[in-house]
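Participant: A structural model of the following input is requested.
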Amino acid sequence: MTHNKIVFSGPVGAGKTTAIAAISDIPPVTTEARPTDVTRDIKATTTIAMDYGVVRLDGAERIHLYGTPGQDRFTFMRHILAEGAIGVVLLMTNTRPTPLADLDEFVGTFRTVIDETALAVGVTGMDLRRAPGLDDYRQVLARVGIIAPVFEIDARRRGDVALLVQALLLSVDPGLAGEIALPGTGSGTFQRAAGDYW
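Facilitator: The predicted structure follows:
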């Protein structure tokens with residue numbers, strides 16, 4: 001049995017807990033608590049240690065999903081959870097004041113891991129605020145020498161999150177990417193969709 005690990009990270013309110021819950025094949029484990037800082041103005045609860053879920057692939061393969069806290073005071077957990085990861089999914093949200101600066105910050109935090117593995121970026125909140133666009137996010141990555149898929153996603157939708165994870169896995173191991181089934185689609189559909197976002 002092979003166990004792989006993917007880290008989901010990003011700022012408060014980007015949808016990390018929601019995304020893991022949407023794609024996990026087990027009830028996710030969360031460490032939600034009431035925030036005691038300005039985060040309480042954004043949401044009623046926030047992750048204080050980690051979120052955890054599992055995606056079962058064909059055969060005995062498993063992907064373990066670890067979500068990091070978004071608050072800066074828990075930055076140390078990002079480094080702990082990133083150990084041994086095969087890739088990083090960064091969730092950004094256009095509902096924050098400076099989402100491109102958020103991306104730059106989180107890429108910096110995970111740069112060593114990203115350089116050794118792979119990255120995929122999902123942008124939430126684009127239904128509420130269209131700018132910045134996906135090309136703006138790609139330009140931030142290009143400025144620091146990273147080419148990675150960038151998708152607009154709804155973190156509540158399993159298909160959106162699965163597409164994001166598949167794009168990451170395609171960078172790591174194309175064989176793994178075809179083993180996560182998107183609802184109502186085949187792997188050929190994934191290949192065509194992913195090609196639109198690189």
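Participant: tell me the helices in the chain, going along the chain?
Facilitator: Counting by DSSP state H, one finds helices in the chain at the ranges 16-23, 75-82, 99-109, 111-116, 134-143, 158-172, 174-177, 187-195.
Participant: packing partners for the longest one?
Facilitator: Which is helix 158-172. The contact analysis (3 or more CB pairs under 8 Å, 6 or more residues apart in numbering; DSSP states H and E) places helix 158-172 against helix 16-23, strand 87-93, strand 119-124, strand 150-152, helix 174-177, helix 187-195. Where C-beta positions appear, they are placed from N, C-alpha and C, glycine not excepted.
Participant: in the chain, which residue is closest to the centre?
Facilitator: Nearest to the mean C-alpha position of the chain, counting by CA atoms, centre = their mean, stands Val89 at 3.0 Å.
Participant: which residues pair with that one across the strands?
Facilitator: On the basis of DSSP bridges, Val89 is bridged to Phe8, Ala120.
Participant: Output the below-cut-off pLDDT ranges for the protein.
Facilitator: Residues of the chain meeting the criterion pLDDT under 70: 1-3, 31-49, 70-74, 175-198.
Participant: hmm, 80 instead?
Facilitator: Scanning the chain for pLDDT under 80 picks out 1-3, 30-50, 58-60, 70-78, 173-198.
Participant: Relative to Lys5, how far out is the residue nearest to Val144 when sequence neighbours are not counted?
Facilitator: In space, not counting the residues next to it along the chain, Val144 is nearest to Val107; the distance is 6.2 Å by CB to CB, 6 or more residues apart in numbering. From Val107 across to Lys5, the span is 19 Å (CB to CB, to the nearest Å).
Participant: and if you look at Ala19?
Facilitator: Ala19 is 16 Å from Lys5, by CB to CB.
Participant: Repeat that for Val55.
Facilitator: Taken as CB to CB, the span from Val55 to Lys5 is 11 Å.
Participant: Quick check: neighbours shared by these two?
Facilitator: Contact criterion CB atoms under 8 Å, 6 or more residues apart in numbering; residues shared by Val55 and Lys5: 63, 65.
Participant: Please say which of these two ends up with more neighbours.
Facilitator: Val55 (22 against 17; other CB atoms under 10 Å).
Participant: How about the contacts made by the closest residue to Arg130 other than its chain neighbours?
Facilitator: Nearest residue to Arg130, sequence neighbours excluded (CB to CB, 6+ apart): Asn94, at 7.3 Å. Residues in contact with Asn94, defined by CB under 8 Å, 6+ apart, are 123-126, 128-132.
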